[in-house]
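J.: give me coordinates for this.
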Amino acid sequence: MRHILIRLIINAIGLYAATRFVPGISFEGDWTTIALVAFIFGLVNALVRPLLTLLTCPLVALTLGLFIFVINAIMLALTAWLAGQFGIAFKVADFGAAFLGALVIGAISFVMTMLIREDQRRR
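T.: Presented below is the predicted three-dimensional model:
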């Protein structure tokens with residue numbers, strides 16, 4: 001349970017950073033909006049991403065893994081669409097914004113995960 005909560009917080013921070021640094025990604029509301037979007041993002045990544053990765057395995061192999069960035073952008077766009085279906089004001093303008101946002105979220109997630117792992121190793 002602790003791991004899931006940590007992932008939710010990391011995703012929320014990454015999503016918030018994407019709304020601040022990437023033109024075309026925005027949200028209206030407060031931290032609860034970002035928390036809800038992070039929850040949806042986590043579900044999409046847990047349920048849809050493995051299936052999409054499996055279906056596009058030849059493309060991932062052909063591009064030496066670079067197609068994963070496209071899959072991440074699709075997951076962010078799908079998250080924005082699902083948030084809109086639930087009345088949550090989180091918007092991704094186009095694929096370019098989704099792609100850059102996925103890069104920002106991925107970079108922040110990577111750094112924060114490494115920091116947490118390093119902290120756990122010290123204990």
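J.: residues contacting Gly65?
T.: By C-beta atoms under 8 Å, 6 or more residues apart in numbering, the contact list for Gly65 is empty. For the C-beta atoms, the positions are set from N, CA and C on the backbone; glycine is no exception.
J.: tell me the SS of it?
T.: coil (DSSP: H, G, I helix; E, B strand; the rest coil).
J.: can you show me the helices along the chain?
T.: 2-21, 31-47, 49-55, 57-62, 67-85, 95-122 (DSSP state H).
J.: which other residues reach the shortest one?
T.: Read that as helix 57-62. 53, 67-68, 71.
J.: any of these buried? List them.
T.: 67-68, 71 (16 or more other C-beta atoms under 10 Å).
J.: specify which member of those is nearest to Leu47.
T.: Ile71 (13.5 Å; C-beta to C-beta).
J.: can you pull the contacts of that closest one?
T.: 49, 52-53, 56, 60.
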